[in-house]
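S.K.: Sequence plus predicted model, see below.
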Amino acid sequence: MINVSSHSPGHVKRTALPKRAFCGQTRAPRVRRIVFVEGENPLRPFSPLAALQPSGGGRPRLQARPFTPFPDSCHGACGIKATRRASGRPLAAPGSVVLTWDSSVVNMYTEPTGGIALEQFIKPFSGFNGTNLYVEGIAPGSNTLSWSYSGQSDCVDVIKATVLKVELDVENTLRTLMETNTLTAMVTPLNGLSVSEYTFEIKRDGSPTWYSLYQGPQLSFEAVAKVAGQFDLRVSASVAGVTCVSQEKDVEAQFPGDSDILAGQGVHSRMDQAWANTKNATTPTSRREEGYYITLDTSSGSYGITVHTIAPSVANNQGASWNTATFPRPPDSIVNPAPLEQPTYIIGWFHTHTPTTYRSVGRGVGPSGADSGWSANASINIPGYAYDYTESPAGSGSIPAAHPINSAAQIYTITPPIRRPTP
């Protein structure tokens, strides 16, 4: 089997057919196969096997040489019917050497680069001493390249040319961290060929470095988003010794949004515990807030907390705040992670408000202006949460002084942003 690869139109490598005599046989002609590739950025722009003749230019070479007459007793091989001299050398050979092809699938040239594609190739057999031809795949499909000699009907040489196209199907181009994305390779047309190996790869947008996500026989791969950012994906398929590479697909892995975070396992229960702690710390003379940052460990998909701090207690005639919060936002476990790393990210922040049970004044409930400013600060820039009482009476947006300590409470979301921006 003869296999080569080439770029897509505009960047096409031309491929040589094998050097050999054209004369066929009285039995069915031997069919050989050539594989071309349509697709940008192949791993190997030109992959000649030993049977191919490199041209030294952009297109590999087919060296066409004249038919070789056989003696009358050819033992199954049929030679050119030509008048012979007494010495056995041909005197003359009628007819022409003809090459036919489908120009919608492949183009034929007389030059390794540039030039104009041939519309036909017909050469009189008499005086034909050989020539170099160059072939390139231009569109997916199948084509039979047929060498024939018009002076003898069974003198043919058939080569099956298949131009392959490799495409990558991405289930979703936008995924949230820890979500699965199905990547599928599509190779057309295979026409009896088989793919021995697929390689799915990823790189950061703008980076030259590719990382292998999967390499093996499966045409689909379940990729889990573990690094946030803008990325490029591609897939390559090894077909009969040729590496065919798809065009790149742009994808984004984003941080979880405020509702995703709150729904994360253990997130709500930790907030409930912090609210219980805040109420338990409230006395007739003092109260205090507490808070922490929320993390996502992409190696396990688990949510956690970091830099949990408790603010100093204040008198009941003073306003309370979580003034021990770390500023700016704590760093992630890995700065600028590569596509296959598994960092732990800071994705949100949380704090409690305090009861008015022992206070002589009421207050508004939910996020304060300072809370909103904290979330939106460029050095924080993540969604936040505040545990506070539900307004009483309804529609007031506040709670009164001496509000019962175990009154209904809830978690308020502090946005914008609804999620940490994608790097």
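M.R.: Happy to help now that I have it.
S.K.: pLDDT of the helix or strand hosting Cys244, averaged?
M.R.: Using DSSP states H and E, Cys244 sits in strand 242-245. Mean per-residue pLDDT for strand 242-245: 84.
S.K.: try stretch 149-169
M.R.: Rounded mean pLDDT across stretch 149-169 is 76.
S.K.: Also stretch 111-128?
M.R.: 83.
S.K.: Can you list the buried residues in that stretch?
M.R.: Pro112, Leu118, Phe121, Lys123, Phe125 (16 or more other C-beta atoms under 10 Å). From N, CA and C alone the C-beta is placed, and that goes for glycine too.
S.K.: So which residues of the stretch 201-350 of the chain form helices?
M.R.: 258-262, 267-280 (DSSP state H, counting those that start in this stretch).
S.K.: any chance of these in CSV, plus mean neighbour count and distance to Thr182?
M.R.: Listed next are the helices of the stretch 201-350 of the chain as CSV, based on neighbours: other C-beta atoms under 10 Å; distance: least, C-beta to C-beta, whole Å:
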stretch, mean neighbour count, distance to Thr182
helix 258-262, 20, 20
helix 267-280, 16, 27
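S.K.: Turn these into a markdown table, columns for mean pLDDT.
M.R.: Conversion of the helices of the stretch 201-350 of the chain to a markdown table gives the following (pLDDT from 0 to 100):
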| stretch | mean pLDDT |
| --- | --- |
| helix 258-262 | 98 |
| helix 267-280 | 98 |
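S.K.: Of all those helices, which one comes closest to Tyr303?
M.R.: When the helices of the stretch 201-350 of the chain are compared by C-beta to C-beta, helix 267-280 sits nearest Tyr303, at 5.1 Å.
S.K.: Now do the closest one: which elements does it pack against?
M.R.: strand 290-297, strand 344-352, strand 384-389, strand 409-414 (3 or more C-beta pairs under 8 Å, 6 or more residues apart in numbering; DSSP states H and E).
S.K.: Report the beta-bridge partners for Gly137.
M.R.: Beta-bridge partners recorded for Gly137 (DSSP bridges): Val106.
S.K.: Please report the distance of it from Thr162.
M.R.: 8 Å (C-beta to C-beta, to the nearest Å).
S.K.: more crowded one of the two?
M.R.: Using other C-beta atoms under 10 Å as the criterion, Gly137 and Thr162 rank with Gly137 on top: 30 against 25.
S.K.: Wait, the more buried one touches Met108, no?
M.R.: No. Taking C-beta atoms under 8 Å as the definition, Gly137 is not a contact partner of Met108, at 11.3 Å.
S.K.: With distance to Thr344 added, can I get the helices of the stretch 201-350 of the chain in TSV?
M.R.: TSV is the format used below for the helices of the stretch 201-350 of the chain (distance: least, C-beta to C-beta, whole Å):
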stretch	distance to Thr344
helix 258-262	14
helix 267-280	15
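S.K.: Any idea which helix or strand in this structure has the lowest mean pLDDT?
M.R.: strand 83-84 (a mean of 25; mean pLDDT, DSSP states H and E).
S.K.: Of all the helices of the stretch 201-350 of the chain, which one is nearest Ile380?
M.R.: helix 258-262 (13.8 Å).
S.K.: just how off-centre is that closest one within its chain?
M.R.: Distance, stretch centre to chain centre, for helix 258-262: 27 Å (C-alpha atoms, centre = their mean, to the nearest Å).
S.K.: you'd agree Glu167 is in a strand?
M.R.: Yes. With DSSP: H, G, I helix; E, B strand; the rest coil as the criterion, Glu167 is located in a strand.
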